[in-house]
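Enquirer: sequence unknown, structure follows:
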């Protein structure tokens with residue numbers, strides 16, 4: 001009788017342990033903010049979510065739309081988000097003022113900056129010196145507008161001969177099209193598609209002076225995490241980076257697949273336009289000789305130091321943060337796993 005009772009109790013405990021085991025493996029929830037409204041260039045994050053790559057790392061990544069790539073930093077610093085896709089240059093600004101509080105970039109995605117001056121070809125702005133005697137429209141506070149003075153100094157442009165007009169971001173392309181301004185201080189990945197949506201041909205009819213081609217060799221957007229997540233759950237950070245990287249490699253090879261995840265997240269976006277934006281992000285902001293050398297996600301310390309110096313100068317910052325305050329490569333997968341092969345399809 002005692003043997004039978006003992007066997008029953010043990011069997012019961014075994015059943016209980018089977019049902020209890022999954023409860024012990026709780027997922028880590030990460031609140032994640034995009035840099036802006038849903039865009040094709042965000043595809044890798046949606047792919048990682050839909051294909052279960054985040055889940056396989058024990059993560060429940062909750063993705064929200066953003067309010068601007070600079071706002072990603074303040075959203076994370078405010079505690080509302082644990083991670084996000086945003087601008088490393090905004091990290092530099094905040095790290096200069098509040099050491100130890102700004103997020104840290106852990107996976108650099110846009111190897112080249114989107115800061116540019118767009119103009120109609122008929123205006124004749126083909127090099128920086130052509131800006132003299134022209135009227136430029138810029139949105140106050142944006143990196144392109146804030147850095148125009150540094151751009152001018154590096155390229156011997158006399159800014160006393162350039163008229164700057166302040167305007168809301170949504171007015172830049174309409175005023176450019178109408179001819180009210182000669183050039184617009186923009187993000188190329190935004191302005192290019194605003195022109196396209198306004199039935200313009202941004203390739204055939206417009207010139208683009210890319211800041212990265214004229215002495216402002218800055219890094220740009222990538223995956224950043226909060227100081228809190230970095231310190232309290234480095235394993236989660238490693239998993240977040242690994243899953244995102246896996247999805248990025250697949251997105252580079254198959255944009256049609258990636259766009260299915262974009263549309264699953266937000267079926268109101270223009271699929272054709274956002275697919276082009278996704279491809280534009282690879283060709284204009286990611287693929288580069290440096291990327292081929294070091295792989296997606298990484299940076300070069302000397303270039304990062306120079307980039308920090310440019311931002312300190314452009315924004316008049318009182319402290320120069322060290323590269324290790326801004327970027328950490330400790331969570332990156334092996335370089336062989338980050339070798340990007342981009343094929344447009």
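Expert: Great, that's in hand. The shown structure was predicted, so the numbers you read here are calculated from the model rather than taken from an experiment. Residues are numbered from 1 along each chain as shown.

Enquirer: and residue 199, how many neighbours?
Expert: Neighbourhood size, residue 199 [other C-beta atoms under 10 Å]: 7. For the C-beta atoms, the positions are set from N, CA and C on the backbone; glycine is no exception.

Enquirer: which phi and psi does it have?
Expert: Note on residue 199: its backbone torsions stand at phi 60, psi 30 [degrees, to the nearest 10].

Enquirer: look at the residue nearest to residue 223 when sequence neighbours are not counted and say how many residues are nearby.
Expert: Among residues not flanking residue 223 along the chain, residue 107 sits closest, at 3.9 Å (C-beta to C-beta, 6 or more residues apart in numbering). Using other C-beta under 10 Å, residue 107 has 28 neighbouring residues.

Enquirer: check contacts around residue 66.
Expert: By C-beta atoms under 8 Å, 6 or more residues apart in numbering, the contact list for residue 66 reads 33, 34, 35, 36, 37, 72, 75, 84, 85, 86.

Enquirer: which of these lies closest to residue 269?
Expert: Closest approach between the contacts of residue 66 and residue 269, by C-beta to C-beta: residue 37, at 8.1 Å.

Enquirer: distance check, the closest one against residue 171.
Expert: Per C-beta to C-beta, to the nearest Å, residue 37 is found 18 Å from residue 171.

Enquirer: residue 220 too?
Expert: For residue 220 relative to residue 171 (C-beta to C-beta), the value is 24 Å.

Enquirer: relative to residue 136, how far out is residue 166?
Expert: Applying C-beta to C-beta to residue 166 and residue 136 gives a distance of 10 Å.

Enquirer: which of those two has more neighbours?
Expert: Counting neighbours by other C-beta under 10 Å for residue 166 and for residue 136 shows that residue 136 has the greater number, 23 against 10.

Enquirer: helices or strands up against whatever helix or strand the more buried one lives in?
Expert: In this structure, residue 136 is located in strand 135-138 according to DSSP states H and E. When contacts are defined as 3 or more C-beta pairs under 8 Å, 6 or more residues apart in numbering; DSSP states H and E, strand 135-138 packs onto strand 163-166, helix 172-178, strand 183-187.

Enquirer: least trustworthy helix or strand in this structure by mean pLDDT?
Expert: Sorting the helices and strands of the chain by mean pLDDT, DSSP states H and E puts helix 2-24 at the bottom, at a mean of 43.

Enquirer: mean confidence for the helix or strand following that one?
Expert: Following helix 2-24 in sequence order, the next helix or strand is strand 28-33 (DSSP H and E). Averaged over strand 28-33, pLDDT sits at 98.

Enquirer: against which helices or strands is strand 28-33 packed?
Expert: Using 3+ C-beta pairs under 8 Å, 6+ apart: strand 28-33 touches strand 59-64, helix 71-77, strand 83-87, helix 234-253.

Enquirer: which residues sit against whichever helix or strand comes after the last one?
Expert: Along the chain past helix 234-253, the next helix or strand (assigned with DSSP H and E) turns out to be helix 255-265. Outside helix 255-265, the residues within contact range by C-beta under 8 Å, 6+ apart are 38-40, 42-44, 46-47, 49-51, 63, 250-251, 269, 271, 274-275, 278-279, 344-345.

Enquirer: would you mind checking these for buried ones?
Expert: 38-40, 42-44, 46-47, 49-51, 63, 250-251, 269, 274-275, 278-279 (16 or more other C-beta atoms under 10 Å).

Enquirer: the residue nearest the centre of the chain pairs with what?
Expert: Nearest to the mean C-alpha position of the chain, counting by C-alpha atoms, centre = their mean, stands residue 221 at 2.9 Å. Taking DSSP bridges as the rule, residue 221 bridges to residue 87.
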